[in-house]
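Undergrad: Give me a model of this one.
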Amino acid sequence: MKTGNKKWKVAVVGCGGMGAAHIEALIDSGRAEIVSVVDIVGKKAREYKERYNAKRYSTDYEEEVRKNDIEIVIVTTLPSLHHQIVNSALSYDKNVLCEKPISNSLEGAMEIINAAKKSKGKVLIGHQLRYMEPWQTVIKELKDGIIGKPLVMRMTGNQQTFGEIWEGQKRLIIDTSPLIDCGVHYVDLMCLIVDCKAVSVYGQGINLDPLLPDVYYNYGLLQVKFADGSIGFYEAGWGPMMTQNAWCIKDFSGPKGSYSILYELDHNTPDNPPTVATYRLQKRLIPSTTCLWKDVMVSEKIITKNTEKGDSLKDEHNFFLDALENDISLEKYLIGAYESLKIVIAADRSIKENRVIYL
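TA: Presented below is the predicted three-dimensional model:
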């Protein structure tokens, strides 16, 4: 596989936290040059140009994606804007790495899929977890049947947030709910593990902030059933009222035992984010469903990683750049992004209609 010395010329559209994370990871990789930064707020774009030594800044993404010195467009805007920016870049045969979710609607996602078919550019949606440890190990072992099937997959992603971060999340909630924005990450992993279609989805949501209009919710949960009988549970909540005790649960159970990812942080306070995470991959395997406690086979593997956003993106960036340099098709990853979006959109619809959605 080629991994040459080429430096890809990049435009980043969206100068928020994820825009900064992508820029820092790309600079760190040595495989890309930040040519342009774009944001609808000119002051933000100018600040990012100076901070990251980009060649120029703009408030007009259309103007930038058509330029000959841009080879890759990174999209880190609100999800409702994804499809129009990605489609514009693809119309000029640019390669695109777009943050998840692929869109905030199935119609927008399908527009991207159709535009990708007509373009010489490649598209990857930023489901970063599937490219990084410990998830690559977990996915492989579960797919290989270490605890058998069907599976129960239970995951949470609650975030206790305050101040600027919570204000930013409230703006995002108006655009895309936590269940969609965060849920696609973990539903994507569920789909990878079971490797079959979802058949039904049920969701529940509640607004716990009296200052947020009741039409929106800052806490949501979904239950999804797959064609092989496996079931998945996911919950996501944002805001100062959320618990830290259930901030990150990743549990799997099957006929042959259980598999858990236990997270330990060097510290975890809203004003002082953690910098190092220790992942304990704990397996508790049983020889049969009639075994005794003494028969349980317990094993543990420990993986330590930095937790800054830029660090979490490096594996995804390397995968994307390798695909460009080796002309590897990314079509199946795009379809996967659509399938995970379909499930969380169905959960959101279930909340609004108070019924099970059959897919």
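
Undergrad: Hmm, His198 is touching Cys191, no?
TA: One correction, residue 198 is Ala, not His. Yes. Between Ala198 and Cys191 there is a contact under C-beta atoms under 8 Å: 7.4 Å. C-beta here means a position set from N, CA and C on the backbone, and glycine is covered the same way.

Undergrad: any common contacting residues for those two?
TA: Each of 339, 343 lies in contact with both Ala198 and Cys191 under the rule C-beta atoms under 8 Å, 6 or more residues apart in numbering.

Undergrad: Now do the domain split for the chain, please.
TA: If you go by automatic domain parsing, the domain ranges for the chain are 8-126, 130-308+340-358.

Undergrad: Mind checking the pLDDT average for stretch 33-48?
TA: What stretch 33-48 shows for mean pLDDT is 97.

Undergrad: Would you mark the buried spots in that stretch?
TA: 33-39, 44-46, 48 (16 or more other C-beta atoms under 10 Å).

Undergrad: ok, now stretch 116-123?
TA: Neighbour-count burial for stretch 116-123 flags 116, 119, 121-123 (criterion: 16+ other C-beta under 10 Å).

Undergrad: before we move on, what about stretch 104-120?
TA: By neighbour count on 16+ other C-beta under 10 Å, the buried set for stretch 104-120 is 104-105, 108-109, 111-113, 115-116, 119.

Undergrad: Including distance to Cys291 and secondary structure, could those residues go into JSON lines?
TA: Shown next, in JSON lines, are the buried residues of stretch 104-120 (distance: C-beta to C-beta, whole Å; DSSP: H, G, I helix; E, B strand; the rest coil):
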{"residue": "Asn104", "distance to Cys291": "47", "secondary structure": "coil"}
{"residue": "Ser105", "distance to Cys291": "48", "secondary structure": "coil"}
{"residue": "Gly108", "distance to Cys291": "50", "secondary structure": "helix"}
{"residue": "Ala109", "distance to Cys291": "45", "secondary structure": "helix"}
{"residue": "Glu111", "distance to Cys291": "52", "secondary structure": "helix"}
{"residue": "Ile112", "distance to Cys291": "49", "secondary structure": "helix"}
{"residue": "Ile113", "distance to Cys291": "47", "secondary structure": "helix"}
{"residue": "Ala115", "distance to Cys291": "54", "secondary structure": "helix"}
{"residue": "Ala116", "distance to Cys291": "50", "secondary structure": "helix"}
{"residue": "Ser119", "distance to Cys291": "55", "secondary structure": "coil"}
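
Undergrad: picking up where we left off before, narrow the buried residues of stretch 33-48 to those in strands?
TA: Among those, the members found in strands (DSSP state E) are 33-38.

Undergrad: Any chance of a markdown table for the residues you listed, columns distance to Arg66?
TA: Output for those, formatted as a markdown table (distance: C-beta to C-beta, whole Å):
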| residue | distance to Arg66 |
| --- | --- |
| Glu33 | 18 |
| Ile34 | 18 |
| Val35 | 13 |
| Ser36 | 11 |
| Val37 | 16 |
| Val38 | 12 |
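
Undergrad: Between these, which sits nearest Ser258?
TA: Within those, the smallest distance to Ser258 is 44.1 Å, found for Ile34 (C-beta to C-beta).

Undergrad: Which residues does that closest one form beta bridges with?
TA: Going by DSSP bridges, Ile34 is paired in beta bridges with Val10.

Undergrad: quick check: longest helix of this protein.
TA: Scanning the chain for the longest helix, with DSSP state H as the assignment, gives helix 331-353.

Undergrad: out of the buried residues of stretch 33-48, what pair is the most spread apart?
TA: Across these (C-beta to C-beta), the longest gap, 20.6 Å, separates Glu33 and Lys44.

Undergrad: quick one on the thing from earlier: between the buried residues of stretch 33-48, which is closest to Asp209?
TA: For the buried residues of stretch 33-48, the nearest to Asp209 is Lys44 (25.8 Å; C-beta to C-beta).

Undergrad: my read: that closest one touches Cys15, true?
TA: Yes. Taking C-beta under 8 Å as the definition, Lys44 is a contact partner of Cys15 at 4.3 Å.

Undergrad: In CSV: the buried residues of stretch 33-48, plus distance to Asp348.
TA: Formatted as CSV, the buried residues of stretch 33-48 follow (distance: C-beta to C-beta, whole Å):
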residue, distance to Asp348
Glu33, 39
Ile34, 35
Val35, 37
Ser36, 34
Val37, 32
Val38, 29
Asp39, 27
Lys44, 29
Ala45, 32
Arg46, 36
Tyr48, 32
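
Undergrad: I'd like to know which of the residues you listed is nearest to Thr137.
TA: For these, the nearest to Thr137 is Ile34 (32.1 Å; C-beta to C-beta).

Undergrad: wouldn't that closest one be in contact with Ile23 here?
TA: Yes. Taking contacts as C-beta under 8 Å, Ile34 lies within contact range of Ile23: 5.6 Å.
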